[in-house]
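In: predicted model and sequence below, questions to follow.
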Amino acid sequence: MLVLFETPVGFALFKVLDEGKLDKVEDLSKKFLALESARKVVSLKAFSKFENAVEALETVTKLLENAPNKAKLDFSEILPEEVEIELKEATTISMGTEINDLDLMNIKDMCDQVLNLAEYQDQLCDYLNSRMNTVAPNLTALVGARLIAHGGSLLNLSKQPSSTVQILGAEKALFRALKIKHSSPKYGIIYHASLVGQAAPKRKGKISRSLAAKAALVIRCDAHGDDQDNFMGLEIRAKLEE
């Protein structure tokens, strides 16, 4: 790791010999109280001296105007929150580096792959929604396809009582609770449905139980009924939302 340090007479570029010591910021200043101890942490690689006081003043002004700005940019629309935090922390100790043609080519290739994956994800989502609206229109309107994924098939799912539908997706937690004789889970993936998410915290449990009971009904309707519309699912969803 290289560290750029500004002095009154110029810029000094140091190579960090022990990066582990950088983690303990409170002890780092003690290492530079003496020349010998400082040499164990960094070694001087280059030094750029200011030609005159005017150049020194201009350089300091540019640093004050530009270095803080890059740490205050808003990346929330393009980066996850945790990545944005790490990026801003890095900008406080790094001025970055030049990007050569090879780096730029690889960056562009990676961006293209990300865009292609995002496009494929959208296509796959549209396909699944189309298939689900054909196979299980009422369940799709009420909950979605995740229950079928955990149940194995729509027919298998139609044989399960609402109590099983309610804890579907929490099998590992259930078996672990039975093994250690602890209280068993009350809800599975149905607890993360949008209908439950919209409810107040104190009503989430009640809505989850009601949703599981209604889901068991529409599953049987989709699996054994002749109708291919989602009228029942939409009607039940409206009542639950009310």
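Out: Happy to help now that I have it.

In: make it CA atoms for all contacts and neighbour counts henceforth
Out: Will do.

In: what kind of secondary structure is Ala46 in?
Out: strand (DSSP: H, G, I helix; E, B strand; the rest coil).

In: all further residue positions should be reported with the first residue as 138.
Out: All set: I'll call the first residue 138, so the last point we hit is now Ala183.

In: quick check: closest non-adjacent residue to it.
Out: Nearest non-adjacent residue to Ala183, counting by Cα to Cα, 6 or more residues apart in numbering: Leu150, 5.1 Å away.

In: could you dump the strand or helix carrying the one you found to CSV, C-alpha only?
Out: Secondary structure assigned from DSSP states H and E places Leu150 in strand 147-153. C-alpha atoms of strand 147-153 as CSV (Å, rounded to 0.1, in the frame of the first residue of the first chain):
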residue,chain,number,x,y,z
GLY,A,147,6.0,19.2,-1.0
PHE,A,148,4.4,15.8,-1.3
ALA,A,149,6.0,12.6,0.1
LEU,A,150,5.0,9.1,-1.2
PHE,A,151,5.5,6.4,1.4
LYS,A,152,5.2,2.6,1.1
VAL,A,153,3.5,1.0,4.1
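
In: now for that strand, which elements pack on it?
Out: strand 139-144, strand 179-186 (3 or more Cα pairs under 8 Å, 6 or more residues apart in numbering; DSSP states H and E).

In: quick revisit: can you count the residues close to the residue nearest to Ala183?
Out: 17 (other Cα atoms under 10 Å).

In: now Lys323
Out: Lys323: 16 neighbours (other Cα under 10 Å).

In: excluding chain neighbours, give the residue nearest to it in space.
Out: Ile304 is the one closest to Lys323 (Cα to Cα, 6+ apart), at 6.1 Å.

In: what about the one you found, distance to Lys318?
Out: From Ile304 across to Lys318, the span is 17 Å (Cα to Cα, to the nearest Å).

In: can you list the domains in the chain?
Out: What the TED database lists as the domains of the chain is 139-230, 266-378.

In: which of these is buried the deepest?
Out: domain 266-378 (a mean of 17; mean count of other Cα atoms under 10 Å).

In: longest helix in this protein, by residue count?
Out: helix 238-272 (DSSP state H).

In: show me which positions of it end up buried.
Out: Of the residues in helix 238-272, 266, 269-270, 272 count as buried by neighbour count, 16 or more other Cα atoms under 10 Å.

In: what about the chain, any weak spots by pLDDT?
Out: Residue ranges of the chain with pLDDT under 70: 157-166, 168, 200-203, 205-207, 209, 230-233.

In: roughly how far does the spatially most central residue of the chain sit from Asp211?
Out: A centroid search over the chain (Cα atoms, centre = their mean) returns Pro217, at 5.6 Å, as the residue closest to the centre. Pro217 is 11 Å from Asp211, where distance means Cα to Cα.
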